[in-house]
Every structure is written in C-alpha cells, then in structure tokens.
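> Give me a 3D structure for the following:
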Amino acid sequence: MADGNVAVQAKAREEAYAVPLDQLNPAQPALFQADAQGPYFERLRTEDPVHYTAESEFGPYWSVTKYNDIMAVDTNHQVFSSEFTLGGITIGGGSQNFDPLPMFIAMDPPKHDIQRKTVSPAVSPANLQVLGPLIRERAAKILDGLPIGEAFDWVDLVSKELTAMTLATLFDVPQADRRKLTYWSDVVTAAPGQGLVESFEHKMQIFQEYQAYFAEIWNRRVNAPPAGDLISMLAHGEATRNMEPREFFGNIVLLTVGGNDTTRNTISGSVYALNQNPDQYRKLRENPGLIPSMVSETIRWQTPLAHMRRTAKEDVEFRGKRIRKGDKVVMWYVSGNRDDEVIDNPNAYVIDRERPRTHISFGFGIHRCVGNRLAELQLTIIWEEILKRFPEILVTGEPKRVYSTFVRGYETLPVVIPTRN
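Numbering: from 1, shown residues only. Take a look at the predicted model:
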C-alpha cells in the first residue's frame, strides 16, 4: 500500500469522481491534511489537465496537473509571472488580507536572478563539502540520543532538530535559537484557526517578533566585515545591501521556509514511506548504496511543496484553454509527480527506479530550488547514520499532517526503535 490509508483513499476516490467536473476544486486544505488529494488530481490529469475552478476559498484559479505542462508553465516566466505584486507564488497570495512579501522567488528577472545569485554561494558545492561533516556529526548525536524501545515523535526529535541546526548555521544565529526558526517557519504557512495561530492578527504579531529578530542581526552584520552566512551575504551584496526592510524580511521568510520545511518533511516522509513499503525498506537495509536513489524517490513521492502559483501577464492559449491576463495559474507539483506518461508506476514507492531524479519537486527553470543539493545531502547523511545504528524504525500510527494546500508536511509521526545494531 503505497499511498496512505486505504479507506481514506477509497472515500476520496468516490467523492472526487462524484463532483461535476466544472465544480472540481482540489485546493482544499482538508483534503491534503487527510492525504486524500490523489484521486482529484488523477481525474484532472485524465479528463481535464488544464482545469478552471471558478469558486474556491482562494478565488478562481487554473490547475495545471501534468508533468510536461507544469514544466512548460514553470519555464515560461515571460507569460507566467511569479511577481509578488501580482500575487506571488502561492494560491492564497493576494487574497484574504494576505499581501505577499517581496522575496526573490516571487520576482521575475532581472531582479530575481541578481538576488538569487547573492545567496547561492551558501549552498555551493564547495560550501556543502564544509557543511557535510558538521551535518554528519549532528545527525549522529541526534540519533544516539533517541530512546530505544519506547514511542516518540520522529518529527520533533529528529526531522526538526537536524534541519533547524543546519539553518541556524546558514544564518549564523545561536543554536539555542534554532527552534525559533522552526516555529517561525511553521507560522509562515499556518492557516489561522488551525492550531498554531489563532487569527490573522495573531500571525502578524508573531511576524513582528520574527522580523525584529532578523533586523537586529542585519544591523550587526552590515557593520561587520563580510562573512559566509546568508544574512551577511544579503547585507554586503551589491544588489541587496540597500533593499527595503520588508524585502529583506521577505527573503528571510523564503530562506527559512525553503531551508527548513521541505527537508524536514522529506526526512519524516522517508520513514513513513519505508514503513508503508516494507519490501523497499528491506532492499535499503540490504544495500545502503541505494540511499541516494531512495532520497530522490522520497522527494518525488512526498513532494514537500504541493504547488507553486503563477499569474498570467497576458491572454494566452495554453493546451486548448484560454487563460486571461491576471488569471491565477497553479502548477500542482504533487500531481505532476504522479503523471504516468512521464513516470512509470507513479503511485508506487520504488527506491531503485531507473531515473529517480525525474521528479518536479524542486521546480524547473529559473526558480528551481536553490538549496536542492543541501536538502539531498541532509537526507543522505541522516540515512547513512540511521542504517549504521538501527535495524528498523517502526511507525506506530498514522502521522498528523499539516492543514495546507502548499506545504505537504507532518506535524507528528509516532515511531518506536526496537533495538540498536
């Protein structure tokens, strides 16, 4: 059983095919929280790959659901804009009191390219070689501290810990503050009234603390010699040192969520996926050389960010549909990664696929995830260290998933580690 709870999937399939096609709305956070979105996208890929939803809590939008169509939109920034002033990169941007922040992922060239180039040395191959041993040392310490034979939450003790430590290093903030980064990252993508933030006002209040923390660090770094951390790079970069405080904060938000959420949720997803597919877990234990391939397969299977949004800059004919200037166009990566025209047997979790890197989770074109190699490095290292220590990690119940159409994440994942090697 590769995709979650059987009963949930069966009910979702029934509901997805019962709705009249013109009323089909996959952008329902509750569907994603129940991991029940799959049949909705399966139907759209088959019956209406470029689909218009007239009414949703996010307003009207287009769904692009097939791999090659998503790639066509993602690589055509001349027509399909990421610009924050037009609504940015999420389906909710520009509606419901939510004015997107300026950040380089929500910009078009040339400004996007210049800002991205400023921070990319932090995740360059040379810097990853420096980070690698540090990540390994931390992973070992985290794993050695885990309880044996008693239940615990993998998300809290492992996934959040490792990614928060790495992010604190990239920002060069005290490790004692690392869980603030995790918390703020969660607040960014949290829907008011769903547990973490009570209301929009509450969310804005937390944002003020978050912004003040990084403004103070910016002020220190801008007056110190240039260094190799992300904030110093922004503070001293020719194209970024004079940016408005709101734009600096926007980029901090991007780097916090990008550097934390996605890797964290894929680490949790790997434990869940291997438990759902014990034959694959056995294959991995027998051949640890499959770790890099397993990492790529998990990134595809999990798809840590379900979508990215674009806004049409002009009227355009796309796959036989007339998309109007100003229309919201949602690229559903979570659907593209299940497209059987590109990926063989896409609902199955297969850690030794022929081309495991054929996935769309990092995006395509100019906005391809800047930290994708760092994500893969952290996942590879944690699994190398896990296999040295534990014969198996057993998931003891269904995970609690995030209420979001954007982040495909886990709030909790109950596990037990029966024994050490």
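> Could I get the CA-only coordinates of stretch 391-399 as CSV?
The C-alpha atoms that make up stretch 391-399 are tabulated as CSV, following Å, rounded to 0.1, in the frame of the first residue of the first chain:
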residue,chain,number,x,y,z
PRO,A,391,17.9,-2.4,12.2
GLU,A,392,14.5,-0.6,11.7
ILE,A,393,12.4,2.3,12.7
LEU,A,394,8.7,1.3,13.1
VAL,A,395,5.9,3.8,12.6
THR,A,396,3.3,3.1,15.3
GLY,A,397,0.3,5.1,14.0
GLU,A,398,-0.8,7.4,11.2
PRO,A,399,1.0,10.8,11.1
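> pLDDT on it, on average?
Mean pLDDT, computed over stretch 391-399, is 95.
> And that stretch, what's buried?
The neighbour-count check on stretch 391-399 (16 or more other CB atoms under 10 Å) flags 392, 393, 395, 399 as buried. C-beta: built from backbone N, CA, C; applies to glycine.
> Could you export those residues as a markdown table, including distance to residue 104?
Shown next, in a markdown table, are the buried residues of stretch 391-399 (distance: CB to CB, whole Å):
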| residue | distance to residue 104 |
| --- | --- |
| 392 | 41 |
| 393 | 37 |
| 395 | 37 |
| 399 | 32 |
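> List the ones among those residues that fall in strands.
Counting by DSSP state E, the members of the buried residues of stretch 391-399 that fall within strands are residue 395.
> On the pLDDT front, check residue 100 for me.
73.
> make that residue 310, sorry
Predicted confidence (pLDDT) at residue 310: the value is 94.
> so what's it closest to, chain neighbours aside?
In space, residue 310 comes closest to residue 80 once its chain neighbours are excluded; the distance is 3.7 Å by CB to CB, 6 or more residues apart in numbering.
> The one you found against residue 308, yeah?
No - the pair residue 80 and residue 308 fails to qualify as a contact (CB atoms under 8 Å) at a distance of 10.0 Å.
> Give me the common contacts of the two.
Taking CB atoms under 8 Å, 6 or more residues apart in numbering as the contact criterion, the common neighbours of residue 80 and residue 308 are residue 74.
> Surely residue 316 touches residue 329?
No - counting by CB under 8 Å, no contact exists between residue 316 and residue 329, whose distance comes to 9.3 Å.
> List the residues that are in contact with both of these two.
residue 323.
> Excluding its own residues, what touches the lowest-mean-pLDDT helix or strand in the chain? List them.
Each helix and strand of the chain was given a mean pLDDT (mean pLDDT, DSSP states H and E); the minimum falls on helix 111-119 at a mean of 79. Residues outside helix 111-119 that contact it (CB under 8 Å, 6+ apart): 82, 104-105, 107, 230, 233-234, 237, 239-240, 251, 255, 366-367, 370.
> Could you point out the helix or strand that follows it?
helix 125-144 (DSSP states H and E).
> Buried residues in that following helix, which are they?
In helix 125-144, residues buried by neighbour count (16+ other CB under 10 Å) are 127, 128, 131, 135, 136, 138, 139, 140, 142, 143.
> One more: stretch 343-361?
Within stretch 343-361, the residues that qualify as buried by neighbour count (16+ other CB under 10 Å) are 343, 346, 349, 350, 351, 353, 356, 359, 360, 361.
> Closest to residue 215 out of these?
The shortest separation between residue 215 and any of the buried residues of stretch 343-361 is 32.3 Å, and it belongs to residue 361 (by CB to CB).
> Need the phi and psi values for the closest one.
phi -60, psi -30 (degrees, to the nearest 10).
> Tell me the spacing between it and residue 72.
Counting by CB to CB, to the nearest Å, the gap from residue 361 to residue 72 is 17 Å.
> go on, residue 293?
27 Å.
> what does residue 33 give?
30 Å.
> Residue 32 now?
Residue 32 is 24 Å from residue 72, by CB to CB.
> ok, now residue 304?
With distances defined as CB to CB, the gap from residue 304 to residue 72 amounts to 22 Å.
> Comparing these two, which residue is more hemmed in?
Neighbours per residue (other CB atoms under 10 Å) separate residue 304 from residue 72, with residue 304 holding more: 25 against 18.
> Which residue comes closest to that one once chain neighbours are left out?
Excluding its sequence neighbours, the residue lying closest to residue 304 (CB to CB, 6+ apart) is residue 262, at 4.0 Å.
> Give me the distance between the host helix or strand of the one you found and the centre of its chain.
Secondary-structure assignment from DSSP H and E places residue 262 in helix 245-276. Distance, stretch centre to chain centre, for helix 245-276: 5 Å (CA atoms, centre = their mean, to the nearest Å).
> buried residues in that helix?
247-276.
> residue contacts, residue 284?
For residue 284, the contacting residues are 274, 290, 291, 294, 351, 383, 387, taking CB under 8 Å, 6+ apart as the criterion.
> nearest to residue 216, of these?
Using CB to CB, residue 383 is the member of the contacts of residue 284 that lies nearest residue 216, at 36.9 Å.
> Now that closest one: closest residue in space that isn't a chain neighbour?
Take residue 383 and drop its neighbours on the chain: the residue closest to it by CB to CB, 6+ apart is residue 291, 4.9 Å away.
> separation between residue 132 and residue 77?
Using CB to CB, residue 132 is found at 33 Å from residue 77.
> circling back to that earlier point, can you list the buried residues of helix 125-144 in a markdown table and add distance to residue 164 and pLDDT?
What follows is the buried residues of helix 125-144, written out as a markdown table (distance: CB to CB, whole Å; pLDDT from 0 to 100):
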| residue | distance to residue 164 | pLDDT |
| --- | --- | --- |
| 127 | 19 | 81 |
| 128 | 18 | 86 |
| 131 | 14 | 88 |
| 135 | 12 | 93 |
| 136 | 16 | 96 |
| 138 | 10 | 94 |
| 139 | 13 | 95 |
| 140 | 16 | 97 |
| 142 | 11 | 97 |
| 143 | 16 | 97 |
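> could these go into TSV alongside distance to residue 225?
Formatted as TSV, the buried residues of helix 125-144 follow (distance: CB to CB, whole Å):
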residue	distance to residue 225
127	18
128	24
131	21
135	26
136	29
138	27
139	31
140	33
142	33
143	37
